[in-house]
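1. Next one to model:
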Amino acid sequence: MPNSFKKSSWFVLFCLLTLSLISYRWNEWINLPPHYVVEPYGDGIKSYLVPLYHIKFDKLFNHYDGMNYPYGENIVAADGLATVSFPLKWLYNNGIDLTDYLPKIIHLLLLFSFFVGVLYLYNIGLLLGLPFYLAAATSLTIAFLSPQLLRMEAHLGLAHLAVIPGLLYYWLLYSKNPYFKTLIPLIILTFLAAGIHFYYVAFIFSFSLLFSFFWYFFSEKKPPFPVFIMHIIGAVLIPFSLLFIWVNGGNQPLDRSPQPWGFFQFNATPSGLLFSQDNPFWRWVSNHLYLIKWETFSDIERYHYLGLTFPFFLLLLTVIHFFPNHRNYFYKLFSVKDSGILAVALSAIILLLISFGLPFIITGLEGFLSFTGPFRQFRSVGRFAWVFYYVIHILMAFSLFRFFKGKGIAFFVWSIYFALMSLDLIHYHRRLNVGMEAIPELERGRKLSFLTGIQPEKFQSILTIPYFNLGSDQFWREPEGFILQKALLMSAKTGLPTNSAMLTRTSRKQTINQLQWVSEPYKYPLLLKSLNDKRPFLLMVDKSNLDNERGKPYVHLLKYASILHDEDRMSLYSLPYNSFEKSVLDKVKEANILISSTFKSNTKTYSSEDDADFLFEDWNKGNVNQQKYAGNSSCRYLLNSGDVLFQRKVANSAKEGPWIFSIWMYIDEDKRTTSQFTITELTINNEKYEEVFPSHPNIHVFDDNGWALIEIPWVLHRRGSQITIMANNPDLKKTVVYIDEMLVRPLPSVFTKTDSNFIWVNNKRYPKLVQ
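-> Numbers count the residues shown, from 1 in each chain. Sure, this is the predicted structure:
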């Protein structure tokens with residue numbers, strides 16, 4: 001009993017020390033009022049306001065309606081922190097409103113997760129035979145140096161420290177007590193982690209399968225194989241299947257991108273594991289010994305620093321291997337009884353290789369990624385290196401203790417170890433920005449000042465200028481911080497959803513419909529045809545972005561809008577439901593007036609008032625393709641084939657200077673919008689000019705049949721040049737894309753053509769009005 005009491009006392013002291021360090025490091029999180037947040041823009045603000053809207057306004061637990069109106073999104077894809085928002089929503093529905101304290105709750109749960117993560121690491125140390133003081137010291141240093149802490153700056157869901165150490169602890173415990181009841185806490189952890197961020201499910205599932213295989217192969221103390229398989233089915237496969245159904249079941253769109261962008265960009269690198277620009281030692285190394293290319297791992301997705309203790313440990317191992325007696329002694333320290341730690345090590349090494357993007361980053365093997373099923377969805381594959389971070393630090397502490405136990409040099413070795421950890425920790429936490437900023441609108445009981453005199457219930461949703469839409473992997477209309485914050489704040493305060501979207505893996509068709517709705521009026525928006533609600537829209541405008549590329553494409557929305565509120569940077573307007581129909585009709589009228597006032601009314605050829613030279617191709621001659629925009633056929637072009645799409649000389653009388661390259665593309669297939677056009681100009685004097693243009697940022701005209709017009713500013717350097725146009729797509733293999741009517745024209749010339757039932761103006765078709 002005295003010994004047990006002594007252990008309990010030391011444990012209580014350790015817990016108090018851990019809580020004290022947490023309180024000191026994150027004192028603002030604990031002491032500041034609930035309307036203070038870590039990151040008031042971008043992913044940070046979304047971590048607060050998506051759960052807030054979900055708790056107060058969503059009808060269903062599993063669906064978020066606050067963005068991408070009228071479609072909404074699955075709560076997981078919306079980063080709705082289901083583990084937090086579900087119980088708070090249940091309380092809210094039953095009369096207990098804690099939403100004023102939501103940011104504080106999110107912060108405290110993160111700190112609690114950090115505390116639990118430290119305890120898991122501490123218990124792993126004890127499980128592996130470390131004495132109390134080493135288990136305590138190493139668990140604290142490992143936790144405070146974790147690369148996951150960087151996610152506290154924005155991606156709050158990924159900053160929960162308890163998940164990976166908990167995963168390691170329960171499997172190590174299972175290796176010593178291989179009973180199903182040992183894994184029950186792991187099952188609970190899996191479901192809790194899935195509701196925070198689905199990447200944790202990927203870590204748990206992949207590590208669990210790898211560990212199970214290696215441990216059963218090496219272990220002597222193991223259950224019969226049928227029993228073991230039942231354990232794996234019950235603890236791993238069934239939970240994963242249920243979670244997979246939860247995320248993908250129900251009335252889900254079927255056109256999400258099967259392979260989101262980022263797998264080959266967000267992978268870990270050896271440099272990102274070994275070096276840190278925060279540490280002055282590595283900066284000195286880069287300046288005097290070896291030039292470190294910091295830019296190759298400056299992105300947070302590629303930074304997974306292991307600390308100075310890792311090269312120190314490798315150096316010790318190298319020295320030990322030079323002495324046969326020490327080498328043999330080192331390996332004798334590990335026995336079959338250590339099958340659990342061996343399985344953990346091998347599993348972590350494989351996950352490290354996966355985090356590098358192997359084998360798919362090897363030239364020629366990229367295409368095999370398409371055969372990996374759901375794994376393709378985890379595009380930020382570098383995060384798998386987090387598992388290796390924890391495992392290698394556990395292994396270092398475990399190995400150093402066993403090898404130097406009872407040796408006089410042990411104190412010296414451990415002193416170096418903790419000195420190096422301290423050096424890393426000091427500079428890492430100087431870099432770590434977890435300071436807080438106030439959002440006055442989140443203050444308890446405070447109303448939105450810009451809603452004074454405005455009745456939200458009279459509107460059906462919020463439209464924004466600039467419009468933002470991120471998450472489809474087809475378009476990247478990035479949200480600017482101010483409009484994102486204000487739109488989500490208004491949404492979370494009023495219950496009005498916003499048409500803009502900052503989600504993940506969103507539907508391609510839904511995204512196209514959204515963009516058709518807010519882009520240049522051309523055809524009546526398909527999305528409006530499905531709306532029964534005829535109330536106006538609340539148009540929120542960031543005035544500082546009206547004259548740049550973010551806002552200009554959407555300024556036309558102001559034409560029929562009525563001002564409701566105006567302040568320094570933001571204005572609010574009422575936008576009538578029928579304004580979109582009026583805007584489309586205005587475009588049609590403009591085209592008809594242009595023809596009747598300037599050009600001959602029944603010309604069958606393409607012409608301009610100034611008789612400017614141009615290039616045009618409609619691919620009507622040749623094979624007939626049913627997938628066409630207009631005319632008899634289209635071009636069925638094979639991307640990445642190197643085939644020439646178009647080649648022709650411009651006239652010797654052509655205007656030099658700015659031109660516009662416009663072409664219709666069928667975009668309602670995966671990632672066709674990420675295609676690139678290469679325009680090569682070869683002059684009479686054999687001068688060569690070549691430029692590559694992306695498609696998706698240059699699409700602002702959408703038809704209602706899956707076709708969109710790409711309009712790219714381009715410069716003709718010399719008249720009489722030969723123009724060659726090719727297309728490729730870095731995200732696809734050799735894949736067919738459908739192309740139709742292409743016009744390359746000088747600015748500001750206007751080209752027209754009339755037919756019996758339509759008017760053609762600068763590659764856009766408008767119906768002919770009855771005279």
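2. domain ranges for this structure?
-> Following automatic domain parsing, the chain resolves into domains at 2-31+98-248+267-431, 452-583, 610-749.
3. Residue 426: neighbouring residues, count only.
-> 11 (other Cβ atoms under 10 Å). All C-beta spots, glycine's among them, are computed from the backbone N, C-alpha and C.
4. How about residue 182?
-> Neighbours of residue 182 using other Cβ under 10 Å come to 17.
5. Checking it next. Helix, strand or coil?
-> The local conformation at residue 182, judged by DSSP: H, G, I helix; E, B strand; the rest coil, is helix.
6. coming back round to it: so which of the domains of the chain is nearest residue 74?
-> Comparison of the domains of the chain against residue 74 by Cβ to Cβ identifies domain 2-31+98-248+267-431 as nearest, at 6.4 Å.
7. ok so, going back, closest to residue 769 out of the domains of the chain?
-> Using Cβ to Cβ, the nearest of those to residue 769 is domain 452-583, at 14.9 Å.
8. Could you work out the end-to-end span of that closest one for me?
-> Using Cα to Cα, to the nearest Å, one end of domain 452-583 lies 29 Å from the other.
9. Tell me how far that domain lies from the chain's centre.
-> 22 Å (Cα atoms, centre = their mean, to the nearest Å).
10. and if you look at stretch 29-42?
-> 22 Å.
11. Then stretch 9-26?
-> The answer for stretch 9-26 is 35 Å, by Cα atoms, centre = their mean.
12. per-residue confidence averaged over that stretch?
-> Taken as a whole, stretch 9-26 carries a mean pLDDT of 95.
13. can I get the domains of the chain in JSON lines with distance to residue 59?
-> Converted to JSON lines, these look like this (distance: least, Cβ to Cβ, whole Å):
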{"stretch": "domain 2-31+98-248+267-431", "distance to residue 59": "16"}
{"stretch": "domain 452-583", "distance to residue 59": "11"}
{"stretch": "domain 610-749", "distance to residue 59": "30"}
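14. closest one to residue 38 among these?
-> domain 2-31+98-248+267-431 (6.5 Å).
15. got the contact list for stretch 84-92?
-> Stretch 84-92 has contacts (Cβ atoms under 8 Å, 6 or more residues apart in numbering) with 51, 54-56, 58, 61, 75, 97-99, 102, 105-106, 109, 195-196.
16. switch the cut-off to 6 Å
-> With Cβ atoms under 6 Å, 6 or more residues apart in numbering as the test, stretch 84-92 has contacts from 51, 54-55, 61, 98.
17. same thing with stretch 351-363?
-> So stretch 351-363 is in contact with 267-268, 365-366, 369, 381-382, 384-385, 387-388, going by Cβ under 6 Å, 6+ apart.
18. Buried ones among the contacts of stretch 84-92?
-> Neighbour counting with 16 or more other Cβ atoms under 10 Å marks 51, 54-55 as buried within these.
19. List the buried residues for stretch 290-305?
-> 292, 297, 300-305.
20. now swap in stretch 359-367 and tell me
-> Applying 16+ other Cβ under 10 Å to stretch 359-367 flags residue 360 as buried.
21. quick one: average confidence on it?
-> The model assigns stretch 359-367 a mean pLDDT of 81.
22. Can I get it in CSV, CA atoms only?
-> Provided in CSV are the C-alpha atoms of stretch 359-367 (Å, rounded to 0.1, in the frame of the first residue of the first chain):
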residue,chain,number,x,y,z
PRO,A,359,5.7,4.3,-54.4
PHE,A,360,3.4,6.7,-56.4
ILE,A,361,5.9,9.5,-56.7
ILE,A,362,8.3,7.3,-58.7
THR,A,363,8.2,8.2,-62.3
GLY,A,364,6.0,5.8,-64.2
LEU,A,365,4.1,4.6,-61.1
GLU,A,366,1.9,7.7,-60.7
GLY,A,367,-1.1,5.9,-62.4
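23. What is the most widely separated pair among the contacts of stretch 84-92?
-> 61 and 98 (16.4 Å).
24. May I have the beta-bridge partners of residue 464?
-> residue 540 (DSSP bridges).
25. how close does it get to residue 457?
-> 19 Å (Cβ to Cβ, to the nearest Å).
26. hmm, back to that, and of the buried ones among the contacts of stretch 84-92, the nearest to residue 27?
-> Nearest to residue 27, judged by Cβ to Cβ, of the buried ones among the contacts of stretch 84-92 is residue 51 at 24.1 Å.
27. Quick check: next helix or strand after the helix or strand hosting that closest one?
-> Residue 51 is located in helix 42-57, with elements delineated by DSSP states H and E. For helix 42-57, the following helix or strand on the C-terminal side (DSSP H and E) is strand 63-64.
28. quick one: average confidence on that next one?
-> Rounded mean pLDDT across strand 63-64 is 94.
29. distance between whatever helix or strand comes next after it and the chain's centre?
-> Later in the chain than strand 63-64, the nearest helix or strand by DSSP H and E is strand 73-74. Relative to the centre of its chain, strand 73-74 is centred 15 Å away, using Cα atoms, centre = their mean.
30. Now do strand 73-74: everything it contacts.
-> 64, 503.
31. So for the helix or strand that that strand is followed by, mean pLDDT?
-> Of the helices and strands lying after strand 73-74 in sequence (DSSP H and E), the nearest is helix 82-93. Across helix 82-93, the average pLDDT comes to 97.
32. got the buried residues for helix 82-93?
-> Across helix 82-93, burial judged by 16+ other Cβ under 10 Å covers 82-86, 88-89, 92.
33. same thing with stretch 120-140?
-> Buried, per 16+ other Cβ under 10 Å, within stretch 120-140: 120-128, 130, 132, 134-140.
34. Return that stretch as PDB; C-alpha atoms alone will do.
-> C-alpha atoms of stretch 120-140 as PDB (Å, rounded to 0.1, in the frame of the first residue of the first chain):
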ATOM      1  CA  TYR A 120      -0.800   8.200 -23.200                       C
ATOM      2  CA  LEU A 121       2.900   8.800 -23.900                       C
ATOM      3  CA  TYR A 122       3.700   8.600 -20.200                       C
ATOM      4  CA  ASN A 123       1.800   5.200 -20.000                       C
ATOM      5  CA  ILE A 124       3.600   4.000 -23.000                       C
ATOM      6  CA  GLY A 125       6.900   4.700 -21.300                       C
ATOM      7  CA  LEU A 126       5.900   2.800 -18.200                       C
ATOM      8  CA  LEU A 127       4.600   0.000 -20.400                       C
ATOM      9  CA  LEU A 128       8.000  -0.300 -22.000                       C
ATOM     10  CA  GLY A 129       9.800  -0.300 -18.700                       C
ATOM     11  CA  LEU A 130      11.000   3.200 -18.300                       C
ATOM     12  CA  PRO A 131      11.200   4.600 -14.800                       C
ATOM     13  CA  PHE A 132       8.700   7.100 -13.700                       C
ATOM     14  CA  TYR A 133      11.000  10.200 -14.100                       C
ATOM     15  CA  LEU A 134      12.000   9.300 -17.700                       C
ATOM     16  CA  ALA A 135       8.500   8.400 -18.700                       C
ATOM     17  CA  ALA A 136       7.300  11.700 -17.400                       C
ATOM     18  CA  ALA A 137      10.100  13.800 -18.900                       C
ATOM     19  CA  THR A 138      10.100  12.200 -22.400                       C
ATOM     20  CA  SER A 139       6.300  12.300 -22.600                       C
ATOM     21  CA  LEU A 140       6.300  16.100 -22.000                       C
END
